[in-house]
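1. What follows is a predicted structure for the sequence shown.
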Amino acid sequence: MIKIIKNANVYSPEPVGKGDILILGDRIAHLDSNIPVPSGLGDVEVVDAKGATIVPGFIDQHVHLIGGGGEGGPATRTPEIQLSQITLNGVTTVVGCLGTDGTTRHMYGLLAKARALELEGISTFIYTGAYEVPTRTITDNVRNDLILIDKVIGVGEIAISDHRSSQPDVAEIRKLAAEARVGGMLGGKPGLVHFHVGGGPRGIQPIFDILETSELPITIFTPTHMNRTPELLEQGAAFAKQGGRVDITAGPEAYKGIMRLLNEFNVPISNITISSDGNGSMPKFDRGGNLIGLGVGSVRADLDTWRDVMVKGHVPMEEALKLLTTNVAQNLNLQGKKGCIVRGADADLVELTDDLEVNRVWAKGRLMVDGGRAVVKGTFE
Ligand code: FWO
Ligand code: ZN
């Protein structure tokens, strides 16, 4: 199928300016100021963007695809995600994970759901594992999951410095990281170690300890929830200064943490990513560890935080976009394929309205959202 999107104001995420995008099948084939509509090549769909801004489809590297939660007992297990909850927010690639509950949520279910969403139209990957160490896997270990299961790109979300973790010591998580590193190599994957960082006083000290007592490169670690506390943010700045990449959990205040990293600690924006924790639980505990509140994460938070960084943080669009496109693509070794509007990349595109809401979304060249409404829905939506 041939599509030409004409008169778009393209951010690749660099500002390309007004132009046309030629899509062949599921790929971006060409970008130019005025692409003529070819004849004799069968039906060509021409879309007029009328000058609207078009940005790369967003990549969310932390979504509880089959739900999570349970910290308040079975009635607090959060729901499985549906396709449109992802696409309506401009996200066209997700990495799925398990969380606290690695018992009633199983890696088999996470893999099946990732396959389902891929069949329904978006691009999906998963972390093997759950909070605990030793962690949950599909085969008998993390290394073999990375080598044998195509969708597995790393291990996560592994909990550290959290009362809900399995209280792993440095030696245990160093071994786990080593498995991910070698499994990633042998499987041709990034072999990421995606740590869930709790509010405990040690924060990401275990990661610094691993770096000091091993040959593991800092680039395989992508600690998340790094905006949870001011202390964690400061550790995150030090981690980024060493070349590490910190993941910020989207939410109403998240942009403030990003702005602190950028302005107070001079962290390069290329070392920061945003993810939503979509469909994961968002429990609140008091000092005694008692559950005093419970919410559910939403992929929508990605968009809200990205807008906050631009509008309230006065960060230019081409910079703020990186937090949810090229920086995440780099983590996933998907540079040039995802998170960018360049020849040969997947045709994952988001057309924005003037007030930065989602108007149209294409995933792998297929129109998924039009006029802010899902035109492609999940099987049971
Ligand atoms: C965060 C996922 C948390 C699940 O700390 O880690 O609980 O298994 O579904 N959520 N435990 C939310 C904060 C960052 C606000 C998870 C959750
Ligand atoms: Zn988490």
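-> Received the coordinates, thanks. Ligands and ions are numbered 1, 2, ... in the order given.

2. and the stretch 151-300 of the chain, which residues reach ligand 1?
-> Selection of the stretch 151-300 of the chain residues close to ligand 1 by CB under 6 Å from any ligand atom yields 196, 225, 228, 249, 277, 280-283. C-beta here means a position set from N, CA and C on the backbone, and glycine is covered the same way.

3. so which pair among those is furthest apart in space?
-> Greatest spatial distance in these: Arg228 and Ser281, 14.5 Å, computed using CB to CB.

4. of those two, who's got more company?
-> A direct count of neighbours by other CB atoms under 10 Å for Arg228 and Ser281 places Ser281 higher, at 23 against 20.

5. Look up how far Gly280 lies from Leu83.
-> Noted for Leu83: a distance of 18 Å to Gly280, by CB to CB, to the nearest Å.

6. neighbour-wise, which of the two wins?
-> Gly280 (26 against 22).

7. In contact with the closest residue to ligand 2 within the stretch 151-300 of the chain: list those residues for me.
-> Using CB to the ion, the single residue of the stretch 151-300 of the chain nearest to ligand 2 is His196, 3.5 Å away. By CB atoms under 8 Å, 6 or more residues apart in numbering, His196 lies in contact with 99, 131, 156-160, 162, 165, 224-225.

8. Pick out whichever of the residues you listed sits closest to Val350.
-> Ranked by distance to Val350 (CB to CB), the contacts of His196 are led by Thr224 at 22.9 Å.

9. Name the nearest residue to that closest one, ignoring sequence neighbours.
-> What sits nearest to Thr224 in space, not counting adjacent residues and going by CB to CB, 6 or more residues apart in numbering, is Asp247, at 3.9 Å.

10. Just the element for the residue of the chain positioned farthest from its centre, please.
-> Distance from the C-alpha centroid of the chain peaks at Gly40, with 40.4 Å (CA atoms, centre = their mean). Using DSSP states H and E, Gly40 maps to neither a helix nor a strand.

11. Please spell out which residues along the longest helix belonging to the chain are buried.
-> If you go by DSSP state H, the chain has its longest helix at helix 170-187. Under the neighbour-count criterion of 16 or more other CB atoms under 10 Å, helix 170-187 has 170, 173-181, 183-184, 187 buried.

12. Just the closest of these to ligand 1, please.
-> Ile173 (16.5 Å; CB to the nearest ligand atom).

13. contacting residues around the closest one?
-> By CB under 8 Å, 6+ apart, the residues touching Ile173 are 133, 158, 160, 193, 195, 206, 210.

14. Tell me who's in contact with the last one.
-> Listed by CB under 8 Å, 6+ apart, the contact set of Ile210 reads 170, 173-174, 177, 216, 221.

15. at 7 Å what do you get?
-> 170, 173-174, 177, 216 (CB atoms under 7 Å, 6 or more residues apart in numbering).

16. What are the boundaries of the strands in the stretch 101-250 of the chain?
-> Here the stretch 101-250 of the chain has its strands, by DSSP state E, counting those that start in this stretch, at 123-128, 152-160, 192-197, 246-249.

17. Partner strands of the shortest one and their direction?
-> Using DSSP bridges, the strands paired with strand 246-249 in its sheet are strand 272-275 (parallel).

18. so, in contact with ligand 2 or not, the helix or strand that comes right after the strand it pairs with?
-> Using DSSP H and E, the helix or strand that follows strand 272-275 in sequence is strand 281-285. No - using CB under 5 Å from the ion, we find that strand 281-285 stays clear of ligand 2, coming within 9.1 Å at best.

19. Neighbours of Val10, how many?
-> 22.

20. Same check on Lys322?
-> There are 23 residues near Lys322, going by other CB under 10 Å.

21. Provide the secondary structure category for it.
-> Following DSSP: H, G, I helix; E, B strand; the rest coil, Lys322 is assigned to helix.

22. what residues are up against it?
-> Contacts of Lys322 (CB under 7 Å, 6+ apart): 13, 269-270.

23. can you tell me which of those are in strands?
-> In strands, judged by DSSP state E, none of those are found.

24. now the helices for the stretch 251-381 of the chain?
-> Using DSSP state H, counting those that start in this stretch, the helices of the stretch 251-381 of the chain run over 254-259, 300-311, 317-320, 326-331.

25. could you check the angle strand 281-285 makes with the second one?
-> This points to helix 300-311. 80 degrees (axes from the mean of the first three to the mean of the last three CA atoms, to 10 degrees).

26. Now Asp277: closest residue in space that isn't a chain neighbour?
-> Gly297 (3.7 Å).

27. Counting neighbours, what do you get for the one you found?
-> Neighbours of Gly297 using other CB under 10 Å come to 25.

28. got JSON lines for the contacts of His196, with pLDDT too?
-> Formatted as JSON lines, the contacts of His196 follow (pLDDT from 0 to 100):
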{"residue": "Gly99", "pLDDT": "98"}
{"residue": "Tyr131", "pLDDT": "98"}
{"residue": "Gly156", "pLDDT": "98"}
{"residue": "Glu157", "pLDDT": "98"}
{"residue": "Ile158", "pLDDT": "98"}
{"residue": "Ala159", "pLDDT": "98"}
{"residue": "Ile160", "pLDDT": "98"}
{"residue": "Asp162", "pLDDT": "98"}
{"residue": "Ser165", "pLDDT": "98"}
{"residue": "Thr224", "pLDDT": "98"}
{"residue": "His225", "pLDDT": "98"}
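
29. Much appreciated, bye for now.
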